[in-house]
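Enquirer: A structural model of the following input is requested.
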Amino acid sequence: MSTVRLLSDDEIRRSPEAWAVFEDIRATRKSDFVNNFWRALANDPPRMRSVWEQLKTVMMAEGELSPLVREMIYIAVSTANGCSYCVHSHTASARAKGMTDGQHAELLAVMAMASQTNALATALQVPVDDAFHVK
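Expert: Coordinates of the predicted model:
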């Protein structure tokens, strides 16, 4: 259950700043669907605009990582942070960008392996090798 009201389009239209972000989300994503994350953030239009602009820069701008790889990283970090909403939304986004069942299975295997070895290295307090330090 949300800790803030999820605003409807009619409620969001009352705030020109929030409505402008909603229109940009729809235009950028080429979809009429605006998910609950943005409906919650619409309670704070300046914050919503800031987060949307950052998200466009990180997730949608041209760069070295493909959009699919970015989504897969988002899934991994969201899992590590325990954000069920983000795991679901970014898994759906990754699938829309072409993630196959096999890629998803490999992603989960890498995440599980990293979790296991991270826990072991942390518990053992293994010092970082000199060869791994930036020189």
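Enquirer: could I get the pLDDT score of the nearest residue to residue 73 once chain neighbours are set aside?
Expert: In space, and not counting its chain neighbours, residue 73 is closest to residue 65: 7.6 Å by CB to CB, 6 or more residues apart in numbering. No exception for glycine: its C-beta is placed from N, CA and C like everyone else's. Note on residue 65: pLDDT of 98.
Enquirer: let me see the contact set for residue 60.
Expert: Taking CB atoms under 8 Å, 6 or more residues apart in numbering as the criterion, residue 60 is in contact with 28, 67.
Enquirer: quick check: domain ranges of this structure?
Expert: Using the TED database, the domain parsing of the chain gives 1-61, 63-124.
Enquirer: make TSV out of these and add distance to residue 134.
Expert: TSV is the format used below for these (distance: least, CB to CB, whole Å):
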stretch	distance to residue 134
domain 1-61	23
domain 63-124	19
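Enquirer: right, and those domains - which one's nearest residue 135?
Expert: Residue 135 lies closest to domain 63-124 among the domains of the chain, at 21.8 Å (CB to CB).
Enquirer: which residues of the chain score low on pLDDT?
Expert: Along the chain, the model assigns pLDDT under 70 to no residue.
Enquirer: tell me which residue is most central in it.
Expert: Among the residues of the chain, the one closest to the centroid is residue 74, at 4.7 Å (CA atoms, centre = their mean).
Enquirer: gap between that one and residue 94?
Expert: Counting by CB to CB, to the nearest Å, the gap from residue 74 to residue 94 is 8 Å.
Enquirer: how about residue 68?
Expert: To residue 94, residue 68 is 6 Å away according to CB to CB.
Enquirer: can you check residue 52 too?
Expert: For residue 52 relative to residue 94 (CB to CB), the value is 20 Å.
Enquirer: do the same with residue 73
Expert: Using CB to CB, we find residue 73 at a distance of 10 Å from residue 94.
Enquirer: repeat for residue 31
Expert: According to CB to CB, residue 31 stands 16 Å off from residue 94.
Enquirer: of those two, who's got more company?
Expert: Neighbour count, other CB atoms under 10 Å: between residue 31 and residue 94, residue 94 has more, with 23 against 11.
Enquirer: now residue 13: closest residue in space, sequence neighbours ignored.
Expert: Residue 13 sits nearest to residue 19 (CB to CB, 6+ apart), 5.2 Å away.
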